[in-house]
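Colleague: one predicted model, sequence on top.
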Amino acid sequence: MANALGKDIICFFSPILTQSAKRWGPFPGGSNRVEIFEPGEVLKSSRDIAKGEQLMSAISVEKVLEKTLEVLKPK
């Protein structure tokens with residue numbers, strides 16, 4: 001909904017394929033700024049929840065903070 005309204009977006013997606021940015025992420029091409037955080041590895045099954053939690057913890061807090069501050073700056 002934020003994307004449709006042209007709002008800037010910071011979002012996190014699970015490494016599980018059915019919950020991925022590819023499936024649920026914002027459509028590209030708007031004038032808003034979009035930062036998507038997701039682990040590099042994609043899991044094919046939700047049965048790998050424990051591994052997914054480990055992958056999510058690999059997303060750097062510092063990187064999220066850096067990108068969030070960029071998005072919060074006026075255009």
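Modeller: Okay, I see it.

Colleague: give me the contacts around whatever helix or strand residue 51 lives in.
Modeller: Per DSSP states H and E: residue 51 is located in helix 49-56. Contacts to helix 49-56, defined as CB atoms under 8 Å, 6 or more residues apart in numbering, come from residues 12, 14-16, 39, 41, 43, 46. (Each C-beta comes from the backbone N, C-alpha and C, glycine too.)

Colleague: so which of those comes closest to residue 65?
Modeller: Sorting the contacts of helix 49-56 by distance to residue 65 puts residue 12 at the head of the list, at 13.4 Å, by CB to CB.

Colleague: residues near the nearest residue to residue 24 once chain neighbours are set aside, how many?
Modeller: Distances taken as CB to CB, 6 or more residues apart in numbering place residue 13 nearest to residue 24, at 6.8 Å, with adjacent residues excluded. By other CB atoms under 10 Å, 18 other residues sit near residue 13.

Colleague: same question, residue 10
Modeller: Residue 10 has 16 neighbouring residues, counting by other CB under 10 Å.

Colleague: next: residue 26.
Modeller: The number of residues packed near residue 26 is 17, by other CB under 10 Å.

Colleague: mind checking how far it is from residue 51?
Modeller: Distance, residue 26 to residue 51, using CB to CB, to the nearest Å: 26 Å.

Colleague: kindly report the same for residue 36.
Modeller: According to CB to CB, residue 36 and residue 51 sit 20 Å apart.

Colleague: list the buried residues for the helix holding residue 51?
Modeller: Buried residues in helix 49-56, counted by 16 or more other CB atoms under 10 Å: 52, 55.

Colleague: where does residue 74 land in three-state SS?
Modeller: Three-state assignment for residue 74 (DSSP: H, G, I helix; E, B strand; the rest coil): coil.

Colleague: burial count for it?
Modeller: So residue 74, with other CB under 10 Å, has 3 neighbours.
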